[in-house]
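predicted coordinates and the sequence they were generated for:
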Amino acid sequence: MQLFLVGTSHSVASTSVRERMHVDVEEMYATLEPLRDARNLLDEALPLVTCGRLELYGVAPDSARAVRALGHLMARRTGIPRADLERHAYVRRDSDVVHHLFRVASGLDSVVHGEAQVLGQVRDAAHHPRARRTAGPVLGRLFQHALRTGKRVRSETGIGHGAASLASAAVGMIQRQVGDLGAMSALVIGAGDTGALMARLLVKAGIGRLTVANRTLSKARAVADDLGGVATDLASIDAALSGADLVVGASGAREHLVTFEMIRALPAEARPKCIVDLAHPRTFAPELAEFPGIVLMDLDYVFRRVDAAREARLEHLPRAQLLVEEEARAYETWYRSRESAAVVKAVRRHVLERALTEADRYAGRAPDGQREQMRRLARSVARALLHQPTVALRDADPASERGRALLRHASELFGVAEPFDDERIG
């Protein structure tokens, strides 16, 4: 089995490109489940979708074949030619997958080092209800180990201190752009994790009035009521826009919820002064930047302006990277040990079965009590003889030449049905 990853993120594709490539989690699972059922194509799969990345982690007998199949499906689903998809995507295999995911979970692959939200997004991916059908022991263990790594990095280093999320970085930019928030009104579109966090941070920063809009009104109320704000649904968004000085988009809707025509219909004095789009796909039509007096900050804008936050965390990077390396080695040791365990199990099963078969043959028509005594003796002798081979095989490291040779020869010598597979992580 080969561990692989195919994906795109802010590191290789702009917001507009990622928007074209976007597939939501439910669509991903709808695509994956038939592949998961296809014979010898995809043994395990688990998607990770955040505002800055779209990734699929997989285990397959032939990772190159699985990646080609996924590329064809993505091209059909998005309408983007495969050549364009490949130009804005990356493929990783084996230990590179482990290191990458552990860096993601630790916030080391985020625009803002130490970003807090990404650990929750990895947790959501690992615990998605449909993951029970598409993931398996390799990816299940990988994501649980990634969560442990992220928690260790956050608790044992200072990399998450300060503005450790895109939302907090965005609020700092808003304050630098418009100054005092006390006399301003804000409209936050979207009441999910990012929208709720933005609403909390704006209130903490002293925003004068807050309105939270969401497709589900009850969810908007749950956020707004806690913060002394007002809730509305998306059907009333035109009215909510009028007079809002600051508008934040964090909806995750597929279409632009605020269009050029909606803003043009507002009197100039009622139009927003600052628009921050943290959603992917975008909440606001990019043409809104053409209106005089409106500052539009999208994800790319935020990404380009977080260098100061990154610099402040550089001193914590070495320790965080050491933790990632330590946890990656631990996972890879477990992954490799699966090969040793498979050979040990096959050898022991084969020898014990042969011993019992021989005991039954020699027992012939002996009484049941005598037959059972012979079977117990056969099992006892077989286990005694298996003790030293079992210890040696369990200690064999498939990453070393000697270990690989020992496991391979054991399969051949004992004639087990499941020979050692030289394909391994590393």
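Sure thing, it's come through.

can you pull the contacts of residue 36?
42, 43, 44, 45, 133, 134 (Cβ atoms under 8 Å, 6 or more residues apart in numbering). (C-beta placed from N, C-alpha, C; glycine too.)

three-state assignment of the first one?
So the one you mean is residue 42. Under DSSP: H, G, I helix; E, B strand; the rest coil, the three-state class of residue 42 is coil.

residues contacting it?
Here residue 42 is in contact with 32, 35, 36, 58, 59, 60, 66, 69 (Cβ under 8 Å, 6+ apart).

follow-up on the earlier one: would you mind checking the contacts of residue 36 for buried ones?
Among the contacts of residue 36, those scoring as buried are 42, 43, 44, 45, 134 (criterion: 16 or more other Cβ atoms under 10 Å).

name the nearest residue to residue 51, sequence neighbours excluded.
Leaving aside its sequence neighbours, residue 51 sits nearest to residue 280 (Cβ to Cβ, 6 or more residues apart in numbering; 4.4 Å).

what's the neighbour count on that neighbour?
A total of 23 residues lie near residue 280 under the criterion other Cβ atoms under 10 Å.

repeat that for residue 360.
14.

hmm, who's touching stretch 57-71?
For stretch 57-71, the surrounding residues in contact (Cβ under 8 Å, 6+ apart) are 1-6, 35, 40-48, 56, 82, 85-86, 91, 93, 97, 101, 136, 138-139, 142-143.

ok, 7 Å please
With contact meaning Cβ atoms under 7 Å, 6 or more residues apart in numbering, stretch 57-71 is reached by 1-6, 35, 40-46, 48, 56, 82, 85-86, 91, 93, 97, 101, 136, 138-139.

repeat for stretch 364-382
Under Cβ under 7 Å, 6+ apart, the answer for stretch 364-382 is 351, 352, 355, 356, 358, 359, 362, 363.

circling back to that earlier point, now the phi/psi pair for the residue nearest to residue 51, please.
Torsion angles at residue 280 (phi, psi; degrees, to the nearest 10) stand at phi -140, psi 110.

closest one of the contacts of residue 36 to residue 13?
Taking Cβ to Cβ as the measure, residue 13 lies nearest residue 45 of the contacts of residue 36, at 21.4 Å.

phi, psi for that closest one please.
Dihedral angles for residue 45 - degrees, to the nearest 10 - are phi -160, psi 150.

circling back: for the contacts of stretch 364-382, which one is nearest residue 218?
Of all the contacts of stretch 364-382, residue 218 sits closest to residue 352, with 60.0 Å by Cβ to Cβ.

what about that closest one, which helix or strand?
According to DSSP states H and E, residue 352 maps onto helix 317-363.

average pLDDT for that helix?
When pLDDT is averaged along helix 317-363, the result is 85.

from residue 72, how far out is residue 85?
Using Cβ to Cβ, to the nearest Å, we find residue 85 at a distance of 10 Å from residue 72.

compare these two (neighbour count), which wins?
Taking neighbours as other Cβ under 10 Å, residue 85 and residue 72 compare with residue 85 leading, 21 against 11.

tell me the secondary structure at that one.
Under three-state DSSP, residue 85 comes out as helix.

which residues touch it?
Residue 85 is in contact with 21, 71, 74, 75, counting by Cβ under 7 Å, 6+ apart.

residues in contact with the third one?
Spelled out, that is residue 74. Neighbour list for residue 74: residue 85 [criterion: Cβ under 7 Å, 6+ apart].

ok, which stretches of this protein are strands?
Taking DSSP state E as the test, the strands found in the chain are 2-9, 44-49, 53-60, 90-93, 185-189, 209-214, 230-233, 246-249, 274-277, 295-297.

which stretches of this protein have low pLDDT?
37-39, 111-115, 161-165, 305-313, 339, 394-400, 417-426 (pLDDT under 70).

now do the domain split for it, please.
Taking automatic domain parsing as the domain assignment, the ranges for the chain are 2-162, 166-303, 336-414.

ok, the residue nearest the centre of the chain to residue 75 distance?
Nearest to the geometric centre of the chain sits residue 48, at 3.4 Å (Cα atoms, centre = their mean). Residue 48 sits 20 Å away from residue 75, going by Cβ to Cβ.

repeat for residue 255
22 Å.

which of the two has more neighbours?
The neighbour comparison of residue 255 against residue 75 (other Cβ under 10 Å) goes to residue 75, with 16 against 10.

now stretch 123-133: how far from the chain's centre is it?
Its chain's C-alpha centre and that of stretch 123-133 lie 10 Å apart, by Cα atoms, centre = their mean, to the nearest Å.

got it, and stretch 356-366?
On Cα atoms, centre = their mean, the centre of stretch 356-366 falls 55 Å from that of its chain.

ok so, going back, show me which of the contacts of residue 36 is closest to residue 330.
If you rank the contacts of residue 36 by distance to residue 330 using Cβ to Cβ, residue 44 comes first, at 19.9 Å.

residue 140 is in contact with the closest one, correct?
No. Using Cβ atoms under 7 Å as the test, residue 44 is too far from residue 140 to be in contact (8.2 Å).

can you give me the buried ones in stretch 377-387?
Judged by neighbour count (16+ other Cβ under 10 Å), stretch 377-387 contains these buried residues: 378, 382, 386.
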